[in-house]
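**Student:** Predicted coordinates and the sequence they were generated for:
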Amino acid sequence: MSIKSKVFAAVAALTLIGGVAGAGATTAWAVPTIAKVSNTAIGEAGYYINDNGETRIRDVQATTVVTSTMENLNGTGAGTAGGPPQKPGGVGTELCNDNTGYAAQAGLEWVDAAGSTPGHFVLEYNYTGNPGYGGPGDVLTATSTSDPDPCAEGGLLNNGTGELFLNDFTPQVGDVLHFEIYYDPKGKFFHSLKFLVQDQTQDLTRVQTADIPAENFYEAGIGVVTQAANLTGGAVNLINTFTGAFFNWYKNGYGSKYAPVGILQPSHWDLEMADFVNGSNQVTLTPSNLTGVNNSFAMLEGSTSA
């Protein structure tokens, strides 16, 4: 089977206005200067946050609508049986430690048609140390030397082969999907990762929990990750739109009820944008400007070249 649109993503939009949990007050934070990172062969496109090792991040979530453009995310063919081999790439969320390359990823992928099985969307998750899906040595690796960041440049864990949610289902074009990864640092011997996906159109929810050693997640994001984007310049074609993109800092609780008030923009957090460029330095895969309360953005790509 030729795998085409393989999971996850990283990179995220962020609410810049929120209340301090438990404080009963609202704090407004200045919109930061958004730095830019460009990938050329492997990595992510979208928005992500780095907390510079001061607070750590325990929760990331966002909502998107499935589009047919996701079937041809990398611009490497129509995704039909007998077509060219596809490079993994997909949309979703990520928690990551940029010092070690340890990551947790979850998102939507497209699997090409094979034999009598038609092409279809699937939902997958993965994390460093996942038995059978990369193991303890499966970490993200930076590809640049000037400003190395494995979280932005490392691509997909296990080259995009992740684990299906139990009792998996098939998302359809037009379905509204909500993703969330939550790190719970409570436990006597192990801490845990909770991967959640909700198909709000089909009224289905799937949750997977994994026990892991204590970990520090200094980066998190929402967007697109691909192992190779084969696109021409002019990123004007809509892939999908993310809404309600939130991060939860380390001391706050779990769940969507914390999203409007529990995700802040502390002064030491760096909000950054990542995109892809080709050999002519043309942008081929990029997020749009942040909208809403700086928690919504669209993903755009150039024309396919295959």
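**Tutor:** Received, thanks. Numbering: from 1, shown residues only.
**Student:** What about Gly115, how many residues nearby?
**Tutor:** 7 (other CB atoms under 10 Å). (Each C-beta comes from the backbone N, C-alpha and C, glycine too.)
**Student:** That should have said Ala35, apologies.
**Tutor:** Ala35 has 12 neighbours, counted by other CB under 10 Å.
**Student:** give me the beta-bridge partners of it?
**Tutor:** On the basis of DSSP bridges, Ala35 is bridged to Glu272.
**Student:** Tell me which helix or strand in the protein has the weakest average pLDDT.
**Tutor:** Ranking every helix and strand in the chain by mean pLDDT, DSSP states H and E puts strand 17-19 at the bottom, with a mean of 36.
**Student:** By residue count, which strand of the chain is the longest?
**Tutor:** strand 237-249 (DSSP state E).
**Student:** Output the contacting helices and strands for that strand.
**Tutor:** Other helices and strands packing on strand 237-249, by 3 or more CB pairs under 8 Å, 6 or more residues apart in numbering; DSSP states H and E, are strand 43-50, strand 57-65, strand 219-226, helix 259-262, strand 297-301.
**Student:** Tell me where the model's unsure across this structure.
**Tutor:** Residues of the chain meeting the criterion pLDDT under 70: 1-33, 75-86, 145-146, 250-268, 305-306.
**Student:** how about the helices in it?
**Tutor:** Per DSSP state H, the chain carries helices over the ranges 150-153, 259-262.
**Student:** contact partners of the first one?
**Tutor:** Defining contact as CB atoms under 8 Å, 6 or more residues apart in numbering, one finds that helix 150-153 is touched by 10-11, 37, 39, 42-44, 48, 94, 96-98, 101, 103, 139-144, 219, 221, 272, 274.
**Student:** PyMOL command to pick out the buried ones of those?
**Tutor:** The PyMOL command for the buried members of those (criterion: 16 or more other CB atoms under 10 Å) is given here:
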select buried, resi 10+11+37+39+42+43+44+48+94+96+97+98+101+103+139+140+142+143+219+221+272+274
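**Student:** among the contacts of helix 150-153, which are in strands?
**Tutor:** Val37, Asn39, Gly43, Glu44, Tyr48, Glu94, Cys96, Ala103, Glu219, Gly221, Glu272, Ala274.
**Student:** Contact partners for the closest residue to Thr69 other than its chain neighbours?
**Tutor:** In this structure, Thr69 finds its nearest non-sequential neighbour in Ile239, 5.0 Å apart by CB to CB, 6 or more residues apart in numbering. Neighbour list for Ile239: Thr67, Thr69, Met70, Leu73, Val91, Val224, Ala298, Met299, Leu300, Glu301 [criterion: CB under 8 Å, 6+ apart].
**Student:** Go again with 6 Å.
**Tutor:** Thr69, Met299, Glu301 (CB atoms under 6 Å, 6 or more residues apart in numbering).
**Student:** for Glu180, same thing?
**Tutor:** Gln61, Leu196.
**Student:** For it, list each beta-bridge partner.
**Tutor:** Beta-bridge pairing of Glu180 under DSSP bridges involves Gln61, Leu196.
**Student:** how much space between it and Arg58?
**Tutor:** Distance, Glu180 to Arg58, by CB to CB, to the nearest Å: 11 Å.
**Student:** for Ile49, same thing?
**Tutor:** 12 Å.
**Student:** between the two, which one's more packed in?
**Tutor:** A direct count of neighbours by other CB under 10 Å for Ile49 and Arg58 places Ile49 higher, at 25 against 22.
**Student:** Quickly list what that one is bridged to.
**Tutor:** Beta-bridge partners of Ile49, as defined by DSSP bridges: Ala220, Leu271.
**Student:** got the contact list for it?
**Tutor:** Ile49 neighbours (CB under 6 Å, 6+ apart): Leu14, Ala220, Phe247, Trp269, Leu271.
**Student:** could you dump those residues to TSV with neighbour count?
**Tutor:** Listed next are these as TSV, based on neighbours: other CB atoms under 10 Å:
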residue	neighbour count
Leu14	26
Ala220	31
Phe247	31
Trp269	21
Leu271	21
